[in-house]
Structures are given as C-alpha cells and as structure tokens.
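In: coords below, sequence missing:
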C-alpha cells in the first residue's frame, strides 16, 4: 500500500520485539502484528536472542530458532526476522541491538522496544537500563491478569517517563514509556508448547502450520527416546 504524503514525510516508526522465540508461537506473531497496527509502525524487527542474560539457555540451536521464526513470519507485511544478535559474541544485550537500529534508522526515527509484562518488571536489572531510554521508547504489552507492585528500582527508572497515548509517545524519538493493551491477548506459553512437544502432544493452533510441520519433521523439542 502506498504511503500518503504526510506519512512519507514523518520519521520512520520502528519496533524491536526481542525474545528467545523458543519456539515462536502464534502469540508472539499476533502480538507483533497488533503492535504494528496500534503504533502505526513501518516495521517490527523480531530479534531472537543468542544468549539471554536473565533466562535459561534456549532448548534448540540458534539456527533452528531463526528458521522457525522465518517460517512463522512467512510473507506477513512489516515483520522482519532479524538475526543480528547471532553475529555478536557473548550475551545478547538489548541496548546493543537498539544502538545498531538507531544508527541504521537515524536520530529522528521513532524507535520502540516492545516487551511483555514479566520482562518489564525486571527492566531495572537489565544492563544499562537508562541507556535503553536514551536510544528508544519502551512499550509494555500488558497482560490483563497481571497486576503486581513495581520494584522500587523500576519505579525510579520510570519516573517522569510514562505517557498514556500513542501520539505522546511518537512526539519524540525516544525516552518514554507506554503501556499497551493489545486486542487479542493470546496467552500462549512457549514453556507449555515445549512440554507438549516433548510429550508428543498436539500443538495445533498454538504454532503456525509451517512452524509445527518443521518442528515435527526435525524432531525438535522431542524428549530423547520418544
């Protein structure tokens, strides 16, 4: 679809949606689509982590997770399977990825880091958390069943940053926080998907068909001996 003159003149709107994607499921993909719609984004970089500093090691190899992500995205407009963290040594730090995206899209781009509620609650523990806001906005994809008090360090990190509307978020290139409730709110757990695959149980309608077919054909996540 051709962009209007006004859209062509505005700064690009880009999001980074990171995760282990172990494996990518319909909840991840639907969230990316709805995030793009809600924020009128040009594209969403879905960035699988090579090694997450705050999570256990992924169960399958990076190249397998990337292949599954590419299969899951398929030809979906505006979604990009971004393998840049696999080319860096050591843990995958979001600040480094945002810095690369900022350099690629320029200082006026509206750059967004989107994350889920669980990751958000630990944001103050991340490496260089203040730098995240120097590079991008943070958008929290809210979970309706999750209301917990914020850690004190998180409250200090967010002081003066929160906005309530997309227009306020996009008024500046970086530095703000928006909590966003997406329409579908698909509560699919990658942990449960892995358990079902390990047992040989059905994952139909939890994974895209192409992802399910690849996983089953290659025996990914299956318990040894089954």
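Out: Happy to help now that I have it. Predicted model only: the values in this text are computed from it and were never measured.
In: contacts, neighbours, all on C-alpha from now
Out: Fine.
In: so is residue 132 in a helix, a strand, or just coil?
Out: Of the three states, residue 132 takes helix according to DSSP: H, G, I helix; E, B strand; the rest coil.
In: list the contacts for it?
Out: 94, 95, 98, 138 (CA atoms under 8 Å, 6 or more residues apart in numbering).
In: Out of the residues you listed, which sit inside strands?
Out: Counting by DSSP state E, the contacts of residue 132 place residue 138 in strands.
In: just checking, which of the contacts of residue 132 belong to helices?
Out: 94, 95, 98 (DSSP state H).
In: how many other residues sit next to the closest residue to residue 188 other than its chain neighbours?
Out: Excluding the flanking residues, the one nearest residue 188 by CA to CA, 6 or more residues apart in numbering is residue 27, at 5.7 Å. Neighbour count for residue 27, taken as other CA atoms under 10 Å: 18.
In: which ones are touching residue 27?
Out: 185, 186, 187, 188, 206.
In: can you put these in JSON lines and add pLDDT and secondary structure?
Out: Converted to JSON lines, the contacts of residue 27 look like this (pLDDT from 0 to 100; DSSP: H, G, I helix; E, B strand; the rest coil):
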{"residue": "185", "pLDDT": "80", "secondary structure": "coil"}
{"residue": "186", "pLDDT": "84", "secondary structure": "coil"}
{"residue": "187", "pLDDT": "84", "secondary structure": "coil"}
{"residue": "188", "pLDDT": "92", "secondary structure": "coil"}
{"residue": "206", "pLDDT": "97", "secondary structure": "coil"}
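In: Most neighbours among those, please name it.
Out: residue 206 (19 neighbours).
In: so which of the ones in helices among the contacts of residue 132 would you say is closest to residue 216?
Out: Residue 216 has its nearest neighbour among the ones in helices among the contacts of residue 132 in residue 94, at 31.2 Å by CA to CA.
In: And the closest one, what's its pLDDT?
Out: At residue 94, the model reports a pLDDT of 95.
In: Give me the buried stretch members for stretch 152-161, please.
Out: Residues of stretch 152-161 classed as buried: 154, 158 (neighbour count, 16 or more other CA atoms under 10 Å).
In: what does it contact?
Out: Contacts to stretch 152-161, defined as CA under 8 Å, 6+ apart, come from residues 121, 122, 123, 124, 129, 130, 175, 176, 177.
In: repeat for stretch 66-76
Out: 21, 23-25, 29, 48, 79-81, 83, 208, 210-211, 214-215.
In: mean confidence score for it?
Out: 98.
In: can you check stretch 20-27 too?
Out: Throughout stretch 20-27, pLDDT has a mean value of 96.
In: So for it, first residue to last residue, what's the gap.
Out: Criterion CA to CA, to the nearest Å; first-to-last residue distance in stretch 20-27 is 13 Å.
In: Now tell me which helix or strand of the protein has the poorest mean pLDDT.
Out: helix 5-9 (a mean of 66; mean pLDDT, DSSP states H and E).
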